[in-house]
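Colleague: Quick one: sequence plus predicted model below, questions after.
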Amino acid sequence: MLTFFRGERAAPRVEELISSTPTLISSINLGEVLHWTIRERGQRAADSMMDGLRRAVLVEDPDWPLVRAAARIKARGGLSYADAFCVATAQRHNAPLYTGDPEILALTDLVKIVDLRSPQTSPSP
């Protein structure tokens with residue numbers, strides 16, 4: 001989502017995914033997008049953008065099993081806690097994780113990955 005809000009090269013691809021497929025995000029990761037947007041664009045813009053995004057995606061609040069899974073992923077090292085929630089949420093739903101984050105891209109043993117930095121590709125096995 002940060003790729004989309006930052007207007008990075010893969011932003012059109014993320015926008016297409018949001019509009020064409022059911023898209024799920026952990027509320028932890030949505031909070032990360034919100035804090036970045038407040039810092040970069042201000043509270044009013046952030047509120048407006050979040051309202052639109054929350055209508056376009058499914059937001060999952062973490063329960064204890066998800067917190068435990070994220071903590072186990074975080075304990076492996078190399079990821080932020082928010083990134084661990086991103087991975088744990090994708091694992092829970094057996095869903096591909098679309099990212100350009102090098103630390104997450106290295107976790108193909110944990111989750112199906114689609115590298116947003118590459119041309120259109122299918123999820124890795």
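Modeller: It's in.
Colleague: who touches the helix or strand of the chain with the lowest mean pLDDT?
Modeller: In the chain, the helix or strand scored least confidently by mean pLDDT, DSSP states H and E is helix 2-6, which has a mean of 89. Outside helix 2-6, the residues that touch it by CB atoms under 8 Å, 6 or more residues apart in numbering are 8, 10-11, 14-15, 18, 32-33, 36-37, 49, 100, 116. For the C-beta atoms, the positions are set from N, CA and C on the backbone; glycine is no exception.
Colleague: and those residues, which are buried?
Modeller: 10, 14, 18, 32-33, 37, 49, 100, 116 (16 or more other CB atoms under 10 Å).
Colleague: What is the nearest of these to residue 64?
Modeller: Proximity of the buried ones among the contacts of helix 2-6 to residue 64 (CB to CB) peaks at residue 32, which lies at 20.8 Å.
Colleague: So that closest one sits against residue 81, correct?
Modeller: No - the criterion here is CB atoms under 8 Å, and residue 32 misses it with residue 81 at 9.9 Å.
Colleague: residue boundaries of the strands in this protein?
Modeller: Secondary structure of the chain by DSSP state E: the strands cover 24-26, 58-60, 97-99, 113-115.
Colleague: Adding mean neighbour count, mean pLDDT and distance to residue 90, write those out as JSON lines.
Modeller: Listed next are these as JSON lines, based on neighbours: other CB atoms under 10 Å; pLDDT from 0 to 100; distance: least, CB to CB, whole Å:
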{"stretch": "strand 24-26", "mean neighbour count": "20", "mean pLDDT": "96", "distance to residue 90": "8"}
{"stretch": "strand 58-60", "mean neighbour count": "14", "mean pLDDT": "96", "distance to residue 90": "11"}
{"stretch": "strand 97-99", "mean neighbour count": "23", "mean pLDDT": "95", "distance to residue 90": "4"}
{"stretch": "strand 113-115", "mean neighbour count": "20", "mean pLDDT": "95", "distance to residue 90": "9"}
